[in-house]
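Asker: my questions are about this predicted structure, shown below with the sequence.
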Amino acid sequence: MSQDIHSDSIIIKTENLCKQYGYGTNSITVLNNINMSIKRGEIVSIMGPSGAGKSTLLHIIGCLDTFQGGCVQILNQDISPFSYDELSRFRSNHIGFIFQMHNLMPEFTALENTMMPLLIRRQSYTKAKQKAYKLLEHFGIADRAYHKPAELSGGECQRIAVARALINQPDIILADEPTGNLDRKNSDILVELLFKTCRENGSTVVIVTHDQYIASKTQRVITLIDGMIQTDVNN
Ligand SMILES: Nc1ncnc2c1ncn2[C@@H]1O[C@H](COP(=O)(O)OP(=O)(O)O)[C@@H](O)[C@H]1O
Ligand SMILES: [Mg+2]
């Protein structure tokens, strides 16, 4: 994690962010003048109906997608001029992403999947393995370390996906409906682990969810409708 002594500093900022798909008369506006600031260490949920632009917004903040208008600053850096490679590097250094479907690699074990971000950053295999195992222990799934995703439950896979996103202790965790396929019990376990670990690490969390209960556990709820921020309220 980068050193930043200002705990209330803005870590994510969008100014008049606009995103369209397609061109000319066929174009559709998916994000329409999004202005939002999120502080370091904040845990924020994004809600809103299907098609509102929640995933698009999260992907742009996560350097997984591009945009046409406005400005996006992550860690005080304007990401709009970044090349594809620069976006990838920036993402790998600062951002952990959790998807609705765990997106684990099926040919690798839980432990290997968890280690992957460290190996991508060229850390030693032995150290990466130790660190990943410790995190799986912390998540109560170390006994599943040598199993592949097909041998694990949905809840276990998603906990491993969270471990993988957290292994680098990234500045920012972005989660797109991470509990969408889980039952209440597994959903609660996952969110509890995610928020607790991020609080300990000082990571900022932006979580897209349909779940009022999860939203109530976050400090702030932003509601998106038709590509615009409808409400932005503190809990
Ligand atoms: N690659 C794409 N090409 C065209 N339209 C897209 C594409 N991806 C998403 N959209 C459209 O953008 C809108 C917002 O999508 P999305 O961000 O996935 O919404 P949400 O996550 O809130 O359900 C939707 O109308 C969707 O159909
Ligand atoms: Mg979505």
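Answerer: All right, it came through fine. Ligands and ions are numbered 1, 2, ... in the order given.

Asker: can you pull the pLDDT of the residue lying closest to residue 235 once chain neighbours are set aside?
Answerer: In this structure, residue 235 finds its nearest non-sequential neighbour in residue 219, 5.8 Å apart by CB to CB, 6 or more residues apart in numbering. Yep, even glycine has a C-beta here, placed from its N, CA and C like the rest. Note on residue 219: pLDDT of 96.

Asker: how close does residue 219 get to ligand 1?
Answerer: Separation of residue 219 from ligand 1 (CB to the nearest ligand atom, to the nearest Å) stands at 21 Å.

Asker: quick one, phi psi at the one residue sitting closest to the centre of the chain?
Answerer: Closest residue to the average C-alpha location of the chain: residue 174 at 1.4 Å, with CA atoms, centre = their mean. Backbone geometry at residue 174, expressed as degrees, to the nearest 10, gives phi -120, psi 130.

Asker: who's it bridged to?
Answerer: Beta bridges link residue 174 to residue 97, residue 206 when assigned by DSSP bridges.

Asker: that one against residue 91, yeah?
Answerer: No - Residue 174 is not in contact with residue 91 according to CB atoms under 8 Å; the separation is 9.7 Å.

Asker: common neighbours of those two, please.
Answerer: Listed contacts common to residue 174 and residue 91 are 62, 97; contacts here mean CB atoms under 8 Å, 6 or more residues apart in numbering.

Asker: tell me what the helix or strand hosting residue 196 is packed against?
Answerer: Secondary structure from DSSP states H and E places residue 196 in helix 184-201. In terms of contacts (3 or more CB pairs under 8 Å, 6 or more residues apart in numbering; DSSP states H and E), helix 184-201 is packed against strand 43-47, helix 154-166, strand 172-176, strand 204-208, helix 212-216.

Asker: fine, thanks again, bye for now.
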